[in-house]
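*Asks:* Next comes the sequence, and after it the predicted model I'd like to discuss.
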Amino acid sequence: MNSKKVIAMLSILLLVASTAVFAGGQQDAQTMDSAPAKMVEKVEVTGNPASGDLEIFSWWAGDEGPALDALIRVFEKKNPAVNVLNATITGGSGVNAKAVLKTRMLGGDPPESFQVHAGQELIGTWVAAKRMLDLTPLFKAEGWMDVFPKDLVNLIGTKEGIWSVPVNIHRSNVLWYVPENLAKWGIKPPKTWDDIFAAGDKLRAKGIVPLSLATTWTANHLWESVALGVLGADDYDALWAGKISWADPKVVKVWETYGKVLKYTNNDAASLSWQQATDMVVNGQAAFNIMGDWAAGYMSTTLKLEPSVDYGWMASPGTDGNFMFLADSFGAPKGTKNPDATLAWLAACGSREGSDAFNPLKGSISARTDADLSLYNVYSKSAAEDFASNRIVGSLAHGVVANEGFMNDFSTVMEMFLKSRDSQQAANACQAIAIQNGMGK
Amino acid sequence: MATFNSLGKRKDKIISILVLLPSMILVGIFVYGFIGNSIWVSLTDWGRGAGLAEHPVKNFIGLENYRFLFTNFIQGRFRQDLVNAVFYTVFLLVGTLGLGLFLAILLDRPVKREGFYRTVFLYPMALSFIVTGTIWRWLVAPSGGLNLIPKIFGLPKWNFLWVSSRDSILNFNWQNIIQIILIIASFVFAIILIRAIMNREKRVIIKFSIFLGLSLLYVLVLHRLLPPILPMEEAHGFNLATIGILIAAIWQYSGYAMALYMAGLRALPASIRESAMLDGANEFIYYAKIAIPNLRPITLSAVVIMAHISLKMFDLIYAMAGADNGNTGHPSINMYLTTFRANNFARGAAIAVILFIVAAFFIIPYMIHSHKERQGL
């Protein structure tokens, strides 16, 4: 045998051996994982004083950082012995943070508590994986069953338990406009989509975009408002419960209306951020915009506009009396290293003091019905009133009603629809992805 | 004396193996081990239901994920991403190599302050794709940047949507994809065949006649007999929105191609140029007939480098167009979203493996070629 062949065979052997090591290493890790010193499997409200390190994982940096800091200060005042590690990963609606969190959880290094959109986004991913602690004992001990609206508790929990503590509430179905501009153009605030279409033809003639739109996720956001308007709250809920098929004529009608709505939007939408779409309304390039109520924060704080004077709002067409919500919340993963501090943190998140420190700065409203409204601005006060009195439904684009698999595929269907504008095809595709993601029948 | 010599050789060999051992083990685990693991994951159903459980259930399902990607209706996006990747690669190659060669020839001639220009052209490569992407996102914004250029000349401004246009050209039906690939392949085979006939290389003639015959057989006969690969017609093409991305990528990497070509041009002995000039060649003839043919090995390595850069354009597209912009999509972004947003680890792994195979198409011929060259020496 010549020496070249020997070396070649040796190296192949080595490679094979090292892959074997790799496979073996995986097994070792598994056996190590299954026998940790003490795995926290259940929430026990002990009332022990909290101490030690507490790592809070979120995507609240930048504009939202001060709000989180205020909440942490409330917590630190109550628990001076805890050392808070504020781990933030930037990126809108947590695109990057969620991926990092997944690798950390899979790697066996969960933070004590992490931010997550309340609802199916949490339930479909982490609760289904049996990695979250059931917080029902905490909710009972803190008396939260009475201060959070029942619809809300139902949407963020399952039959097995309640999985996270909502720290804020945003509203998704809001139509924004500038009252002065509407008066100038001779248009009344629209109540239905037909009103918008009628006004739209008038505006088009003047060279004004009737409804401003931005990149794909805002198209999803617009879709959910159209869906709620066309279906009504009962059918909308039934759709997510799997009681109505996605191929149902009612749902096809949603896509048809949506296709019509798109005709009244700007054609450079995919290049714009949501802020730029809001800017179009503020600058008078567009008449209306449908966006969550973080737009109010953007207009009041960043653009220094006066609510209800410089900008106005109403429920998106056909959704009056419904409050489509989304919420950021904090949950606790199983295996948290410091359960006492974690519970103390979650208690602070749900407390009146904590939520009233956080929300006025974030531009959202408290999930509690007993918030101190004097701390909030004009827009938030009106939203809080609606939240207390309206029918509450969940948002699709922001993870309340559908799991992450469905949300991801829905974006693909949306891209397809934006190109083809084929309602029946989109409805059928949605039915297919609902089944694939275990949501439909 | 002879025994001493062979003893020394053996000692050398043992030392070389010992020195190589650590890196071979590390590469074995962290490269080949992980590639193997990805391939294994892509053959399972990891990601159904509780994909993120502590001990996720992974059932072996064979090539189901691949079948799904290539035939499912929703995965039309994946197929468009693949088409995009091909166009990204082709245009990035043409753009960077063409521009790079042009710049290299300009700088190869006696230019004042050549070092300055070289730095200017090479500098974009020092930036990361994220930085390039952020800058170019502003430049290709619909209301500013490139669209304002005509205004300088007093013309009305353009309204082209550089990264968000939904138009596409060169559209084809995915059902014909195999036919299209084989027609292109037939052309290549035919060219090689003609050259081989001219050079009277018997083995090559036989080999490529068979290849050409088989592909023509499929294109002309089998395609009509076999069932379509997709139940429905599906249009794919060159999305105009990718032009914006391509401009940024070419801007960033043509300087690098220039540096490669300059090194090649400088390596040609000055005497060649002088004797060519003496024989009456002008500059153009010198470059066209002498310099460029001599740069072939450089072109080859540049093709490999650019091709694999185009398969890793994730960050540029992510920064310029965002993740959900289907028009500029790329399999790598699709892989990231499928894995880390939709939690479908198995399907994400399948996309990664497909990308890996596409990359191998470029790199393996290169490795075979350079291996042959080394043996030839």
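*Replies:* Sure thing, it's come through.
*Asks:* So which bits of stretch A:384-400 are buried?
*Replies:* A:384, A:386-387, A:390, A:392-400 (16 or more other Cβ atoms under 10 Å in any protein chain shown). Every C-beta, even on glycine, is put in place using the N, C-alpha and C of the backbone.
*Asks:* First-to-last residue distance for it?
*Replies:* The first and last residues of stretch A:384-400 sit 19 Å apart, counting by Cα to Cα, to the nearest Å.
*Asks:* For the residue lying closest to B:Tyr218 once chain neighbours are set aside, pull up the helix or strand it's in.
*Replies:* If the residues on either side of it in the chain are set aside, B:Tyr218 comes closest to B:Leu182, at 5.4 Å by Cβ to Cβ, 6 or more residues apart in numbering or on different chains. Assigned by DSSP states H and E, B:Leu182 belongs to helix B:177-199.
*Asks:* and that helix, what does it pack onto?
*Replies:* Packing partners of helix B:177-199 (3 or more Cβ pairs under 8 Å, 6 or more residues apart in numbering or on different chains; DSSP states H and E): helix B:202-217.
*Asks:* Quick one: mean pLDDT over the helix it packs on.
*Replies:* Helix B:202-217 shows a mean pLDDT of 88.
*Asks:* contacts for that helix?
*Replies:* When contacts are defined by Cβ atoms under 8 Å, 6 or more residues apart in numbering or on different chains, helix B:202-217 is touched by residues B:182-183, B:185-186, B:189-190, B:192-193, B:196-197.
*Asks:* count of residues packed around B:Thr96?
*Replies:* 28 (other Cβ atoms under 10 Å in any protein chain shown).
*Asks:* Residue of the stretch 151-300 of chain A nearest chain B, please.
*Replies:* Nearest residue of the stretch 151-300 of chain A to chain B: A:Ala270, at 3.3 Å (Cβ to the nearest Cβ).
*Asks:* residues in contact with the residue nearest to that residue when sequence neighbours are not counted?
*Replies:* Counting by Cβ to Cβ, 6+ apart, B:Ser164 is the residue found nearest to A:Ala270 once chain neighbours are left out, at 3.3 Å. Contact partners of B:Ser164, counting by Cβ under 8 Å, 6+ apart, are A:268-271, B:142, B:241, B:321, B:325, B:327.
*Asks:* hmm, 7 Å instead?
*Replies:* By Cβ atoms under 7 Å, 6 or more residues apart in numbering or on different chains, the contact set of B:Ser164 is A:268, A:270-271, B:241, B:325, B:327.
*Asks:* I'd assumed B:Thr328 was in contact with the residue of the stretch 151-300 of chain A closest to chain B.
*Replies:* No. Counting by Cβ atoms under 7 Å, A:Ala270 stays clear of B:Thr328, with 9.2 Å between them.
*Asks:* what ranges do the strands span in the chain?
*Replies:* You didn't pick a chain, so chain A it is. A:52-58, A:82-88, A:113-117, A:157-158, A:161-162, A:165-166, A:170-171, A:174-177, A:209-212, A:286-290, A:312-315, A:322-326, A:328-331, A:391-394 (DSSP state E).
*Asks:* let's do chain B instead
*Replies:* Counting by DSSP E, the strands of chain B are B:168-173, B:235-239.
*Asks:* what separates stretch B:56-66 from the chain centre, distance-wise?
*Replies:* With Cα atoms, centre = their mean, to the nearest Å as the basis, stretch B:56-66 stands 29 Å off its chain's centre.
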